[in-house]
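Novice: Give the three-dimensional model of this entry:
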Amino acid sequence: MIREPQQERSRTTRRRLIEAAVECIGELGWTGTTVAVIAERAGVSRGAAQHHFPTREDLLVAAVELVGEVQLSELRSQVADLPEGPSRIETVASVLLNLYAGPMFRAALHLWVAGSTDQALRDTLVPLEARVGREAHRVAVDLLGVDESHDGVREMVQATLDLARGLGLANLLTDDTKRRQQIVRQWARMLEQNVAGTTSV
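Specialist: Below you'll find the model as predicted:
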């Protein structure tokens, strides 16, 4: 049997701990997510967890970063499958407005709420959210294929992302899929009306 190199095992353990932290935050909230709980979820000892992340805050900061990375990765992964022509905007609207309907957004929301009263967490979250927000906006512009030098286009793109977060909130307690689909269709029509003729190509 070939043993996994130590460095690779270390990376695998770190990743398992970070992913477990994200799951725990989404399910248990900020206060319920302890190092012991995360370690048990990841299938490692508490000592091993503290070897990789000496403090709870170190581990949760890594989890915050993963949440942002996954959200952006999911957004970018949609690009190759987008159709060309008139149906593109509705498809993009659907991709963007469903961006915050999954477990990553649930974890992010718990972190935002906790950060509103925890100064140290807020100091970590604010610059990260700003970076993720800028990148999400840039990817949304690319997906829509629009030119922000036209009046109102930047605001429409940002409004789309803000609407997506609101729809993510509405989906937290009950399945809001049916209503969200109706909103996607209506918002796509609004995008077509407001960004038509502003393509960047």
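Novice: Please read off the pLDDT at the spatially closest residue to residue 45 that is not a sequence neighbour from the model.
Specialist: Among residues not flanking residue 45 along the chain, residue 39 sits closest, at 6.3 Å (CB to CB, 6 or more residues apart in numbering). C-betas here are computed from N, CA, C, even on glycine. pLDDT, residue 39: 94.
Novice: pretty sure residue 60 contacts residue 29?
Specialist: No. Using CB atoms under 8 Å as the test, residue 60 is too far from residue 29 to be in contact (11.9 Å).
Novice: if we can go back for a sec, what about the residue nearest to residue 45, distance to residue 110?
Specialist: 19 Å (CB to CB, to the nearest Å).
Novice: swap in residue 16?
Specialist: 20 Å.
Novice: rewinding a little: residue 60 and residue 29: which has the busier surroundings?
Specialist: Each of residue 60 and residue 29 has its neighbours counted (other CB atoms under 10 Å); residue 60 has more, 24 against 16.
Novice: which residues sit in contact with that one?
Specialist: 21, 25, 33, 111, 121 (CB atoms under 8 Å, 6 or more residues apart in numbering).
Novice: one more time with 10 Å
Specialist: By CB atoms under 10 Å, 6 or more residues apart in numbering, residue 60 lies in contact with 18, 21-22, 24-25, 30, 33, 35, 38, 53, 111, 114, 121, 124.
Novice: just these now: which is nearest residue 65?
Specialist: Using CB to CB, residue 18 is the member of the contacts of residue 60 that lies nearest residue 65, at 8.2 Å.
Novice: For the spatially most central residue of the chain, which non-adjacent residue is spatially closest?
Specialist: With distances taken as CA atoms, centre = their mean, residue 71 lies nearest the centre of the chain, 3.0 Å away. The shortest distance from residue 71 to any non-neighbouring residue, by CB to CB, 6+ apart, is to residue 104 (5.6 Å).
Novice: for residue 19, same thing?
Specialist: Of all residues not flanking residue 19 in the chain, residue 66 sits nearest, at 7.1 Å (CB to CB, 6+ apart).
Novice: What about that neighbour? Give its phi and psi, please.
Specialist: In terms of degrees, to the nearest 10, the main-chain angles of residue 66 are phi -60, psi -40.
Novice: Quick check: it touching residue 16?
Specialist: No. Using CB atoms under 10 Å, residue 66 is not in contact with residue 16; the gap is 11.6 Å.
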